[in-house]
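[1] fold the following and give me the result.
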Amino acid sequence: MITVNDTVRWEELLPHQFETRLSAAPVVYLPLGLCEPHGHAAAFGLDTVKAVWLCEQAARRYGGIVAPTQGYQIHETGYHAPWLAAVMGKVNPRLGGVPPDVLLRMLLFQLRAFANAGFRTLVLVTGHHGNQADLRLVAEEFTRTCPVQVVAVSDPELVRGRHHGDHAGRYELSQLMYIRPDLVDLDRVPDRATSPLGRFAQGDDAADASADYGRRILEDSLNELGRRILATGTDEHSPPPLTIDATEEIWLRIVARQSQWRTLSDQDPDLAESTR
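    Okay, the predicted model is just below:
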């Protein structure tokens, strides 16, 4: 039986398909997400679903390959900790979080794998907002050693000034309604008043979500992501493979900047970002 594989996912590509896509556009996308509470009306993996959709659509539109999804993210430290307590109380959040050093070290070695595989532009899209500054810090140290271009961005940053981001409210639920309507049930919005789970991090305007608004957000996001990717240009130079030992030296530089890690700071990330 003859089948046609038009996937953009690294893990699903045959070798000749990988080489064709890599030659046409040496761009790799890493979707980063998290399983965390998004109220009673949305699935836990909303952040991940957004990031995967944006990466796959960008790869189809602008070229490149989508790496396996990073489905764990940083929570419970820095500003996240008091926020989590405020929106969850003592309810178990069923959270898929990891400490900053675990995520950032993993990210560094993911960047190494991408560069060694031949990619020249590395695109990191996180659907979990607030940690992107630390992703950029890792990328900054990595590119001091390895001459690649890195775009690291959270999805609300892509539409800043056009749409107002939120957590589990109209902004986020609308996107999920457009991408995966089967993962949203707006009839559950009132559960926050009666459920033993309480608010469960649900936004106040969750009931106002719509698939049409989600489509507009995502199209604006995709256009801006494409603009940033195309602005990096194409570097045909292929550096020698980066060794594990050389990557460990980069990690030591990242650890030396630990006082700058946003994920260990109590300062609100949006406020901090506006002062950068």
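[2] list the beta-bridge partners for the most centrally placed residue in the chain.
    Centrality entry for the chain: nearest residue to the mean C-alpha point is residue 126, 1.2 Å, by C-alpha atoms, centre = their mean. Beta bridges link residue 126 to residue 32, residue 154, judged by DSSP bridges.
[3] ok, it - contacts?
    32-33, 47, 51, 73, 132, 135, 152-155 (C-beta atoms under 8 Å, 6 or more residues apart in numbering). Where C-beta positions appear, they are placed from N, C-alpha and C, glycine not excepted.
[4] let's see it at 7 Å
    Residue 126 sits next to 32, 51, 73, 132, 135, 154 when contact means C-beta atoms under 7 Å, 6 or more residues apart in numbering.
[5] nearest to residue 238 among those residues?
    Using C-beta to C-beta, residue 135 is the member of the contacts of residue 126 that sits closest to residue 238, with 24.2 Å.
[6] how about stretch 179-192: buried residues?
    Within stretch 179-192, the residues scored as buried using 16 or more other C-beta atoms under 10 Å are 179-180, 183-184, 186, 188-189, 191-192.
[7] for that stretch, C-alpha coordinates in CSV please.
    Extracted C-alpha coordinates of stretch 179-192, given in CSV (Å, rounded to 0.1, in the frame of the first residue of the first chain):
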residue,chain,number,x,y,z
ILE,A,179,-8.1,24.4,17.7
ARG,A,180,-9.8,21.6,19.7
PRO,A,181,-13.5,22.4,20.4
ASP,A,182,-13.9,18.9,21.9
LEU,A,183,-11.6,20.0,24.8
VAL,A,184,-13.9,22.9,25.9
ASP,A,185,-17.2,22.8,27.6
LEU,A,186,-18.6,26.3,28.4
ASP,A,187,-21.5,24.7,30.2
ARG,A,188,-19.0,23.9,33.0
VAL,A,189,-18.1,27.6,33.6
PRO,A,190,-20.6,27.9,36.5
ASP,A,191,-19.0,25.0,38.3
ARG,A,192,-16.6,27.3,40.0
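[8] rewinding a little: among the contacts of residue 126, name the buried ones.
    Buried among those by 16+ other C-beta under 10 Å: 32, 51, 73, 132, 135, 154.
[9] make a markdown table out of those residues and add pLDDT and distance to residue 97.
    A markdown table is the format used below for these (pLDDT from 0 to 100; distance: C-beta to C-beta, whole Å):
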| residue | pLDDT | distance to residue 97 |
| --- | --- | --- |
| 32 | 98 | 12 |
| 51 | 98 | 16 |
| 73 | 95 | 6 |
| 132 | 96 | 16 |
| 135 | 98 | 15 |
| 154 | 97 | 16 |
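[10] and the contacts of residue 126 as a markdown table, adding distance to residue 227?
    Listed next are these as a markdown table, based on distance: C-beta to C-beta, whole Å:
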| residue | distance to residue 227 |
| --- | --- |
| 32 | 20 |
| 51 | 18 |
| 73 | 25 |
| 132 | 17 |
| 135 | 19 |
| 154 | 16 |
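[11] only alpha carbons, please: show stretch 65-83 as PDB.
    C-alpha atoms of stretch 65-83 as PDB (Å, rounded to 0.1, in the frame of the first residue of the first chain):
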ATOM      1  CA  ILE A  65      10.300  20.800  11.200                       C
ATOM      2  CA  VAL A  66       8.500  20.500  14.500                       C
ATOM      3  CA  ALA A  67      10.500  18.800  17.300                       C
ATOM      4  CA  PRO A  68       8.900  16.600  19.900                       C
ATOM      5  CA  THR A  69       6.800  18.600  22.300                       C
ATOM      6  CA  GLN A  70       8.200  19.600  25.700                       C
ATOM      7  CA  GLY A  71       5.100  19.000  27.800                       C
ATOM      8  CA  TYR A  72       6.500  20.100  31.200                       C
ATOM      9  CA  GLN A  73       7.200  23.600  32.400                       C
ATOM     10  CA  ILE A  74       8.300  25.700  35.300                       C
ATOM     11  CA  HIS A  75       5.700  26.500  38.100                       C
ATOM     12  CA  GLU A  76       5.600  26.700  41.900                       C
ATOM     13  CA  THR A  77       8.700  29.000  42.100                       C
ATOM     14  CA  GLY A  78       9.000  32.800  42.000                       C
ATOM     15  CA  TYR A  79       5.900  34.800  41.200                       C
ATOM     16  CA  HIS A  80       4.100  31.500  40.200                       C
ATOM     17  CA  ALA A  81       3.900  30.300  43.800                       C
ATOM     18  CA  PRO A  82       1.700  33.000  45.300                       C
ATOM     19  CA  TRP A  83      -0.400  33.200  42.200                       C
END
